[in-house]
Each structure stands twice: as C-alpha cells, then as structure tokens.
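*Asks:* Pasting a predicted model and its sequence here:
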Amino acid sequence: GCSPSRASLLTGRYHWMIEHAGTHASKFDAKYATFPDLLEKAGYWVGYTGKGWGPGNYKDGGFKRNPAGPVFSSRKKNPRIKGISSTDYAANFDDFLRQRPEGKPFCFWLGGHEPHRVFEKGIGLNQGRKLEDADVPAFLPDTPEIRSDILDYYAEIEWFDSHLARALKQLEEIGELDNTLVIVTSDNGMAFPRAKANCFEFGVHVPLAIMWPGRAKGGREVTDPVGFVDLTATILEAGGVTHPALGQAALAPVGRSLVSLLESDKSGRVEPQRTHVFSGRERHSSSRHNNMTYPQRCLRSDRHIYIRNFKPDRWPAGDPQKFVSPGKLGPMHGGYHDIDACPSLTFLIENRAQPGIARYFHWSVDKRSGEELYDITSDPACLNNLALDPTHYKTTQMYRDKMDVYLKKTGDPRALGQGNIWE
C-alpha cells in the first residue's frame, strides 16, 4: 500500500519497524529520520511535488512539513481526464530548479498520483489503444471489460511517463543529467483485484529503473532482489550522508546500498549474497469490522514468494458486507474495500456466478491459508499454493525459519507475540 511503502522508503526501515507510519492513514513519528531531512542538513536543496508521504498525519508525529520535504505545487495543468491530478509535476520541478541556490546539490521527490484510482473509464480506448494491446495477468479473466480497464491503467502510466520525460529533459538542459541519480519506482502494485494490497508477485514486485550516467553503466538488467530500504541506503551513500542513528537498532535504517550494483558492469545476478527481500502489510483501508487489519509478511527470493498470513480467519480483501448504518449491514458483496473500487472488481462481483468467472472472483476475495508458497518462475500469478504440498515441505520450512529469525531480529510485534498493537 502507498502510505506505509513511502514511509519505509523515507526512513529505510520496514513498515513493522516504524510504528504508526507502518499502517495506512495514521501518523508519522519524527523520531524516524527521513532522507530528505538528512540531505538538507548536509547542504542539499530538497523538495517534492505531487504526492509526498500520505495519507496520514505527520504533524501529530512532530513533523512541521511533509516528510518528503518542502512542497512545490503552484503550477497546475488541466489534464482533461477524470482521475488525473492537475498538478504539473514537471513544471513544479522546473520551479524547484530555478529557486535552487547556485552550486547547491539537490534532491527532488516527484510524486505522481498516477496511476492511482480512479481511472477514467474508457480513456484507453478513446486514446486509440486496442483491446488486444492489454496484457491480462492470469488471475484476472480475459474479457473486454478487464482489458479496457487495463488500457485505462496504461493511459495513466503514460501520463506519469510524460512528466518524467520532461523532468529528464530539464536536467539535461541545465547540464546536470549525467551527475544526477534518478530512481523511478512505484509505491504499490497495480490497482486491480489480487494485486495492490496483497503480497503476491503483482502486489510487491513494482517497477524499478535507475540511471546515473556519470557513474552507472546503462543498458543493463540486474535481477538481484532489492527493496525500498535498499533505495534509502543508496540515496544516503550517493549523497555522502551518514545516518545519525547507525548502531541504534530502534532507529537505524536496515537496507543495503545499491551503489555497488550500479557501478558494476554486470547484468543478471551481480551480488549472490542478495538472496531475498521482505515486505508485508497491516492495514490498507478501513474494510473490516472495527477497522481490523489483515496482517501479512512476505519473503521474496529469486524463485519463490513465501507469505505468512497471521489472521487467516479474516477476509483478505475486506469484509464482504459493510455497515451502512449503526447495527445494519449492507448487501452481500458490497464490501471488499481493500480492493480499490474499479470496473474490474465490479465485473467480478456481478459475474461471480458465471462458470468462467467464478474462480477469478474467489481468487480475489476468499479467505487464505496461514502460509502460502509460490514458484514465481512458473506461476507469477501466484495461483498454486505449494505450502500445502508435502513435496515442498523443506522449502516452506526454510523460508519459515528465515522469516522468523528476521522478523524477531527487527522487532516485528507480530513475531514477538505483541501483534494486537496494530489493531
């Protein structure tokens, strides 16, 4: 989900290590240092536009401004597309560069709201894309309705890409492109059923493209598993900044810098010791009675995803029904609010009794077992749970042990018998 992921990137600590900031729409405690603040103290000109950290309340945590830095948001542009922000990200980046004191190094957070729901329905087709252009993952039915929704998603991605292209051109025009580390990523998986707000491959494997022309050889694809906490360490190393809490387990970042990967000239697996990364979730939205969470932790290696569902008795996509007034439940299948409202979800609900659609509906909303194991090389859609297969017992046990050790080492309340604090 967006808010915990952004807090993790800002602090270099996993979401279970940053208290309130590790859940959606809560608060962010200023005792956890953020890389924009650290860079600013080291002499950097910092700022952000669009979506910084949020949703949530950072002032209650002691921040005087958004944890992503000072905001640059005065420039607007009418997109004429429903659901796309009017913030002119690239123009605000230009303002940031123009106001930069001469000679100061800089760090800018260009936080696109796109591709965030709502997407204008049919915009993909209206812009000339064809249904056959959509790449439908195996956990969604291959129908015109789903394909059209995916094309709308593509339209929003291209909107963001257009601003990125303008920002890179601005860097080139002022002669700073070769000297600038550019990291492009996303804070959650695609906003479709069984993707965003899930620990499956389509929920935790987000895009990552990095360029640093002056120091990193381009044209390479590196397959080492890396995470947001590693990006934080990378930014601090690139900026020559030492985190003030190093050596303090309660506050220090835990990632490993990617600078060595960037400066390598190798493709594929570069550093064999990078064997796996962690992720997880607690609360994505208020979608269960009493705002209960759906706690998950995930280990992702080259080949497998291992998932621990701490409360398998709860509905992973949110309760099927919601309260419409005190003591009164709405209709069945009117809930599932951990899935962003979208045409794809509506289609699954309305066609859930159809023989060709039923399994896709149930894959998205049904309760899940306490442990899940998927071979993402043969099953990237994460549909065949191997944790229940006796022939994969040793693999499941290996990842179970690795997760237990790491979660306890990093103080995860869920692993220490204190998980109710999240509730």
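*Replies:* Yep, it's here.

*Asks:* Strands of the protein, start to end?
*Replies:* 26-27, 45-50, 56-57, 106-111, 182-185, 208-211, 276-281, 296-301, 304-309, 323-325, 328-329, 371-375 (DSSP state E).

*Asks:* Relative to the lowest-mean-pLDDT helix or strand in the chain, what are the paired strands and their orientations?
*Replies:* The helix or strand with the lowest mean pLDDT-type score in the chain, counting by mean pLDDT, DSSP states H and E, is strand 323-325 (a mean of 89). Using DSSP bridges, the strands paired with strand 323-325 are strand 328-329 (antiparallel).

*Asks:* doesn't Ala42 make contact with Gly239?
*Replies:* Yes. With contacts counted by Cβ atoms under 8 Å, Gly239 reaches Ala42, the gap being 6.4 Å. Every C-beta, even on glycine, is put in place using the N, C-alpha and C of the backbone.

*Asks:* what residues are up against the closest residue in space to Ser369 that isn't next to it in sequence?
*Replies:* Spatial nearest neighbour of Ser369, excluding adjacent residues (Cβ to Cβ, 6 or more residues apart in numbering): Pro312 at 6.0 Å. The contact partners of Pro312, by Cβ atoms under 8 Å, 6 or more residues apart in numbering, come to Lys367, Arg368, Ser369, Gly370.

*Asks:* So for the last one, what's the pLDDT?
*Replies:* It refers to Gly370. pLDDT, Gly370: 98.

*Asks:* Pipe the strands of the chain into CSV and attach mean neighbour count and distance to Arg359 per row.
*Replies:* Listed next are the strands of the chain as CSV, based on neighbours: other Cβ atoms under 10 Å; distance: least, Cβ to Cβ, whole Å:
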stretch, mean neighbour count, distance to Arg359
strand 26-27, 18, 35
strand 45-50, 24, 38
strand 56-57, 18, 36
strand 106-111, 21, 37
strand 182-185, 15, 32
strand 208-211, 15, 31
strand 276-281, 23, 24
strand 296-301, 23, 22
strand 304-309, 23, 20
strand 323-325, 10, 29
strand 328-329, 11, 26
strand 371-375, 20, 17
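
*Asks:* Of the ones you listed, which shows the lowest average pLDDT?
*Replies:* strand 323-325 (a mean of 89).

*Asks:* now what about that one, what contacts it?
*Replies:* By Cβ under 8 Å, 6+ apart, strand 323-325 touches His289, Leu329, Gly330.

*Asks:* need the contact list for the second one.
*Replies:* Leu329 makes contact with Gln321, Lys322, Phe323, according to Cβ under 8 Å, 6+ apart.

*Asks:* Please repeat the previous calculation with a cut-off of 6 Å.
*Replies:* Gln321 (Cβ atoms under 6 Å, 6 or more residues apart in numbering).

*Asks:* Look up the residues forming beta bridges with it.
*Replies:* Phe323.

*Asks:* distance of it from Gln321?
*Replies:* 5 Å (Cβ to Cβ, to the nearest Å).

*Asks:* The first one now?
*Replies:* In this structure, His289 lies at 9 Å from Gln321, with Cβ to Cβ as the measure.

*Asks:* Between these two, point out the one with more neighbours.
*Replies:* Taking neighbours as other Cβ atoms under 10 Å, His289 and Gln321 compare with Gln321 leading, 16 against 13.

*Asks:* burial measure for Asp95, as a count.
*Replies:* 16.

*Asks:* tell me the contacts of the closest residue to it other than its chain neighbours?
*Replies:* With Cβ to Cβ, 6+ apart as the criterion, Asp95 has its nearest non-adjacent residue at 5.4 Å, and that residue is Phe72. Phe72 is in contact with Gly47, Thr49, Asn92, Asp95, Phe96, counting by Cβ under 6 Å, 6+ apart.

*Asks:* and of those residues, the nearest to Leu348?
*Replies:* Thr49 (35.3 Å; Cβ to Cβ).

*Asks:* Quick check: the closest one vs Leu181, distance?
*Replies:* Distance from Thr49 to Leu181, by Cβ to Cβ: 18 Å.

*Asks:* Tell me how many other residues surround Asp224.
*Replies:* 19.

*Asks:* Touching, it and Arg274? I think so.
*Replies:* Yes. Counting by Cβ atoms under 6 Å, Arg274 is a contact partner of Asp224 at 4.3 Å.

*Asks:* where exactly do the helices run in the stretch 251-400 of the chain?
*Replies:* 259-263, 343-350, 358-365, 393-409 (DSSP state H, counting those that start in this stretch).

*Asks:* any chance of those in a markdown table, plus mean pLDDT?
*Replies:* Shown next, in a markdown table, are those (pLDDT from 0 to 100):
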| stretch | mean pLDDT |
| --- | --- |
| helix 259-263 | 97 |
| helix 343-350 | 98 |
| helix 358-365 | 98 |
| helix 393-409 | 98 |
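
*Asks:* Right, I'll call it a day here.
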